[in-house]
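Undergrad: Provided below are the primary sequence and the corresponding predicted coordinates.
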Amino acid sequence: MNEDRKKRGLANSNLLIAMAITALIIGSSNAMANQTASGSSYKVTEQMQIQTVTGVVVDANGEPIIGASVVEKGTTNGIVTDMDGKFSLNVKVGTTLQITFVGYQPQDVKATKSMKVVLKEDNELLDEVVVVGYGTQKKANLTGAVSTVDVSKTLEARPQSDVSKALQGVVPGLTITNTSGKLNSKPTMTIRGTGTLSNSATSNPLIVVDGVPMDDISYLNTQDIDNISVLKDAASTSIYGTRAAFGVILVTTKSAKKTDKVTINYTNNFSWDTPTILPNYPDVATQARALRAANTRANLENELFGMYMDDNFIAKAEAWKQRNGGKKAGYREMIPGDDFDLGEDGSALYYADWDVVGIMFRDWKPAQSHNISIQGTSGKTSYFLSVGYNHEEGVMTFNPDKLNKYNANMNVTSDITNWLQIGGRFSYSDKAYTTPNTRRNTYTYMWRWGSFFGPYGTYQGIDMKNDIAYLKQAGDDKTNDSYTRIGAFLKATIIKGLTLNADYTFNINNKTTKSVGLPVICWNSWGGKLNTPTTAAGANGDTWVYQNSVRDNSYALNVFANYELTVAKDHHFNFMIGANAEEGEYQNHWSQRKGLLDDKLPEFNLATGDQTVGGTHNEWGTAGWFGRINYDYNGIWLLELNGRYDGSSKFPSSDRWAFFPSGSVGYRISEEKFFEPIKKVVSNTKIRASYGEIGNQAVGSNMYISTVSKRTDGNTHWLNGSNKVVAYDLPSLVSPTLKWERIQTLDIGGDFGFFNNELNISFDWYQRTTKDMLAPGQTMPDVLGAGAPKINAGTLRTRGWELSIDWRHHFNEVNVYANASIGDFKTVITKWDNDSQLLNENYSGKVYGDIWGFETDRYFTKDDFNADGSYKEGIASQKKLEQDGFVYGPGDIKFKDLNNDKEINGGEGTVKDHGDLKVIGNTTPRYQYGFRLGGEWKGIDIDMFFQGVGKCDAWTQSAFVMPMMRGADAIYANQANYWTDENPDPNADFPRMWPGNAGKGTVSVLDLGNHNFYPQSKYLVNMAYLRFKNLTIGYTLPKDWTRKVYMDKVRVYFSANNICELINKSNAPVDPEVNTSEAIANGGNSDYGNGTWGRVDPMYRTVSFGLQVTF
């Protein structure tokens, strides 16, 4: 491990040295260029009458505005103000300067040798420039559905190194779903919900960074991001072609800008994390009574790994609790006769109550990040250099996982002439992740058998067979994931108004994994006797070393031209035409060998066992021609037309190319003369609409090629006696008419401003229809030996709306703001070939994410049954739901007889005949919202962000939801209130105990749960929540103080994430942000069916402190 760190340290040191050398070369070459330029400057000055203009840009309070753009009007000659708001620029005598800065009204002023420009605040922000596909547009002229992110508040001062996780709840319509809180886990992102059911319902948006697609946004350093735009409708996304079928997230990193002096920025953050929500166990006696109640009812032995849950056991557990004052035990040596009884033959009875949460989890886990950037100009060349480091650790006490992330970024631009600019970009990211290879799921077993059985102590200094032993003796699972991006670009002004842009980028992604399986030596507490420690894992030479190497390379080429034209003063045109080509290659090779000779030297040549190898190889390509026309009439009538002719390698040659058009219109009624009388109140009104079509290529590879697959089930020995032989399936069937999925989007919206645009409101209603969606073909006869090919036969429709409100106000020296957003959508399968229309399959009319189940009535009572156990008159029978010896009786769940046939059943399980089943919920996160409050005063700033989901349901077999989900499973603290003969409480949280509720019930279309836990309304998990997501408080030191120590700006801050939440208290002890995806009801996650749902790394609360310094 130390050797690996040395290598990584050397690699990163070499990288920094290379960047420093590059910067020196740039500086020296430009110094030479300056000398050359100075030799000719006298002639240029004589001919062009050039003068040097110096000045300062300030706000209404006289405070300098940092980063304001100062440009000689009609040229690309410009600069940005420094940390004192000052600038110096060589311009023609008599020229006009354009001064702009986001949030202030732009000004055109005549250039003089010494200037002071005062910018006024612009509440409406209508002149804000928004990044769109292959260009920028003024916010006032946008006609598509585009949202922007406040980067400074969302990323720059928060203890969050993953960009995608930081965006949760920030943008209406953007859904971020976390599968766990594990380090290096990758959340899923969708824009406006699921857009297709093909290819595992993959509807990921396209991520474009600096004009080039990037598959994983987590490679980015949050401190290097300048702005983020989210494109949501087809009119905005179609310019990017097939990969942008379900929206685009545009990220622009900080670039080289002209500046008078070198600026150095340093930021750091030190944070500590603790789990948000964790399950826990009641005392041992309560656990034993529940297990005994379940087993007694089912006529099973009250036994767990040789220990009997009888009166003697319960008495010992209660005595232990009394001796220890009701406190649970920490990790320590176990004392025979006090913590457990040890028989003469080595058999053991464990009754101590161990603090599982306190033992297994650290109270606070550390993390830290450091970033430094340098920006400056040398001659005609400007540069931006940055490096970053982030370190995080897992929450486990024993052998926690670790993540180290290194980033380096370099952007350089140079004005070769007054009409040609060239530049280059280089970025590098390396993620070194180490986690223990425990050979099993730690959380699955930790939350399975209760707090008395592990047990979680040592005997004679040796651990029992539990997660502590597996973690402490685990081999390393190391992953190094490096991503390098190298690009070059040019921008040429051909004639006035006509510019040509070209860029080429090469992406290199190398990922290596090395995993080692080592033996685990411990006491076999799983029914074994404490005579001799045994090898719980890795016995009989079952140790191994595994390596995996992935190379994923791609390139992208963009060439496009823009032409701006004004006709008759009021008619403004912008024409764009261009081409794009992308190609990628993926290669994967893995190998494994068993039987390590030395556990400390896990290498292939030092192993003697079987060796296996494998690998994959895939190539893809896309290309397209695109064009866009923008027109506005005096800023009142707006029009945008887009078209793209796209090709993809994922389709047969006959259907490889297709044309996808889109268009949008807008009407700024507030700019009409008749609107003037009310403009002081309603300062901005824009109505807009868009419609477009785009193709989807995310349908899987080689869908149009008939392939032969090797059988992997191993059941081929019958072909040659007892010897297995290699066997292959028949060639797959393919559709001869396979073509593009076509996504059509209609969006109608409006943007409104009030009171000089202090208050702004935007609203969108949309409908997205996916036509020609890949769906299963007609069922083929079994004798054919091959499944039906996918055909373009499905249609999916999503309708939704989004609302955002923004308010800002300035008075005296106080700035305050508040903004909120909310969105909702519903997806319906409008066409699907399924004659049976079974409820557990897709069918026409199905609302995506619907959960079918029974409606819970109450618990049965004795009054519901006759003396012989039969149902009394008027009580619907549930006999058809019984199985495995289970018989409904008092204390069990009673379902409602919705069809009044005196019998509870699921009918035929179809849409037409579903018996007493109904839609009880939906897994789609509905009414996703977020709101932010904050302000600034005399250097003090505060920002509060809240985020949540208004409605979301889940049905799961999780042991956190169903007590005794499997026969030997424990109950948790939230499950201790259950119905018993001694306590026949009609308001008890859970019914009478029964061991094992995980098997499939008698209703064939309900796959999850049986007995008292058929899918039903009572135990549907409510995943709605409101979370205080972030609080940040900062203080910027007065400049009079910082300048004395040669610093331009110093800000210290405190930030906290996931501070608290409002959730349904009856919920399972699982954070509502974990596993809130549509996969719950649509077969996308097997954990929902095996009881382990929620048994993952927890989400975290975070407190942090940070420093931001500018020199």
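TA: Yep, it's here. Predicted model only: the values in this text are computed from it and were never measured.

Undergrad: mind listing the strands for the stretch 451-600 of the chain?
TA: Secondary structure of the stretch 451-600 of the chain, counting by DSSP state E, counting those that start in this stretch: strands at 458-459, 462-463, 475-495, 498-517, 520-522, 534-537, 544-567, 571-594.

Undergrad: for stretch 854-867, buried residues please.
TA: Across stretch 854-867, burial judged by 16 or more other Cβ atoms under 10 Å covers Phe854, Thr856, Asp857, Tyr859, Phe860, Asp864, Phe865. Any C-beta I mention is one placed from the backbone N, CA and C, and that applies to glycine too.

Undergrad: from these, which two are the most distant?
TA: Among these, the pair separated by the greatest distance (Cβ to Cβ) is Phe854 and Phe865, at 19.5 Å.

Undergrad: follow-up on the earlier one: now tell me which of the strands of the stretch 451-600 of the chain the model trusts least on average.
TA: Per-stretch averages of pLDDT across those put strand 534-537 at the bottom, with a mean of 79.

Undergrad: which element is Gly358 on?
TA: Under DSSP states H and E, the secondary-structure element containing Gly358 is helix 356-360.

Undergrad: mean confidence score for that helix?
TA: Helix 356-360 carries an average pLDDT of 95.

Undergrad: chain center to that helix, what's the gap?
TA: Between the centre of helix 356-360 and the centre of its host chain there is 28 Å, according to Cα atoms, centre = their mean, to the nearest Å.

Undergrad: immediately after it, which helix or strand?
TA: Moving toward the C-terminus from helix 356-360, the first helix or strand encountered (DSSP H and E) is strand 365-378.

Undergrad: show me the contacts for the residue nearest to the spatial centre of the chain.
TA: Centroid check for the chain by Cα atoms, centre = their mean gives Pro187 as the closest residue, at 2.7 Å. Remark: with contacts taken as Cβ atoms under 8 Å, 6 or more residues apart in numbering, Pro187 is in contact with Asp162, Ser164, Lys165, Gln168, Ile176, Thr177, Asn178, Thr179.

Undergrad: for Leu385, state which of those is nearest.
TA: Asp162 (23.1 Å).

Undergrad: what is the burial count for the closest one?
TA: Asp162: 20 surrounding residues under other Cβ atoms under 10 Å.

Undergrad: how near is it to Ile508?
TA: When distances are taken as Cβ to Cβ, to the nearest Å, Asp162 and Ile508 turn out to be 21 Å apart.

Undergrad: and the strands in the stretch 201-350 of the chain?
TA: Using DSSP E, counting those that start in this stretch, the strands of the stretch 201-350 of the chain run over residues 206-209, 212-213, 225-231, 248-253, 263-275, 303-304, 307-308, 340-342, 348-350.

Undergrad: those strands: which one's closest to Val357?
TA: Val357 lies closest, by Cβ to Cβ, to one member of the strands of the stretch 201-350 of the chain: strand 263-275, at 8.3 Å.

Undergrad: now that closest one against strand 365-378, angle please.
TA: Here strand 263-275 runs at an angle of 160 degrees relative to strand 365-378 (axes from the mean of the first three to the mean of the last three Cα atoms, to 10 degrees).

Undergrad: partner strands of strand 263-275, with direction?
TA: When pairing is defined by DSSP bridges, strand 263-275 lines up against strand 365-378 (antiparallel), strand 1100-1110 (antiparallel).

Undergrad: and the first one, how far out from the chain middle?
TA: It refers to strand 365-378. Worked out by Cα atoms, centre = their mean, strand 365-378 lies 24 Å from the chain centre.

Undergrad: buried ones in it, by neighbour count?
TA: Applying 16+ other Cβ under 10 Å to strand 365-378 flags 365, 367-378 as buried.

Undergrad: adding distance to Asp833, write those residues out as a markdown table.
TA: Formatted as a markdown table, the buried residues of strand 365-378 follow (distance: Cβ to Cβ, whole Å):
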| residue | distance to Asp833 |
| --- | --- |
| Lys365 | 51 |
| Ala367 | 51 |
| Gln368 | 56 |
| Ser369 | 52 |
| His370 | 57 |
| Asn371 | 54 |
| Ile372 | 59 |
| Ser373 | 56 |
| Ile374 | 61 |
| Gln375 | 59 |
| Gly376 | 63 |
| Thr377 | 63 |
| Ser378 | 66 |
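
Undergrad: closest to Thr259 among those residues?
TA: Checking those against Thr259 with Cβ to Cβ, the nearest one is Thr377 at 5.3 Å.

Undergrad: how much space between the closest one and Ile99?
TA: For Thr377, the distance to Ile99 (Cβ to Cβ) stands at 18 Å.

Undergrad: quick one: the strands in the stretch 1001-1111 of the chain?
TA: Secondary structure of the stretch 1001-1111 of the chain, counting by DSSP E, counting those that start in this stretch: strands at 1021-1022, 1025-1036, 1049-1063, 1100-1110.

Undergrad: ok so, going back, closest one of the buried residues of strand 365-378 to Met83?
TA: Proximity of the buried residues of strand 365-378 to Met83, judged by Cβ to Cβ, is greatest for Gln375, which lies at 10.9 Å.

Undergrad: need the pLDDT of the closest one.
TA: If you check Gln375, the pLDDT there is 93.

Undergrad: run through the bridge partners of it.
TA: Beta-bridge partners of Gln375, counted by DSSP bridges, are Thr263, Phe384.

Undergrad: quick one: contacts for it?
TA: Neighbour list for Gln375: Lys254, Ala256, Lys257, Thr259, Val262, Thr263, Asn265, Ser382, Tyr383, Phe384, Leu385 [criterion: Cβ under 8 Å, 6+ apart].

Undergrad: weed out the non-buried ones from those residues.
TA: Buried among those by 16+ other Cβ under 10 Å: Lys254, Ala256, Lys257, Thr259, Thr263, Asn265, Ser382, Tyr383, Phe384, Leu385.

Undergrad: list just the nearest of these to Gly454.
TA: Closest to Gly454 out of the buried ones among the contacts of Gln375 is Asn265 (49.6 Å), distances taken as Cβ to Cβ.

Undergrad: dump the residue contacts of the residue nearest to that closest one when sequence neighbours are not counted.
TA: Computed as Cβ to Cβ, 6 or more residues apart in numbering, the closest residue to Asn265 that is not its neighbour in sequence is Ser373, at 4.8 Å. Taking Cβ under 8 Å, 6+ apart, we find Ser373 in contact with Gln223, Asp224, Lys254, Ile264, Asn265, Phe384, Leu385, Ser386, Val387.

Undergrad: farthest pair in the residues you listed?
TA: By the measure Cβ to Cβ, Asp224 and Ile264 form the most distant pair in these, at 14.9 Å.

Undergrad: more neighbours: those two, which one.
TA: Neighbour comparison, Asp224 and Ile264: the larger count goes to Asp224, with 22 against 15 (by other Cβ under 10 Å).

Undergrad: that one reaches Ser255, doesn't it?
TA: No: applying Cβ atoms under 8 Å, one finds Asp224 not in contact with Ser255, separated by 10.0 Å.

Undergrad: coming back round to it: of the buried residues of strand 365-378, closest to Ile65?
TA: Gln375 (16.8 Å).

Undergrad: so Val1070 sits against Pro275, correct?
TA: No: with contacts counted by Cβ under 8 Å, Val1070 stays clear of Pro275, the gap being 11.2 Å.
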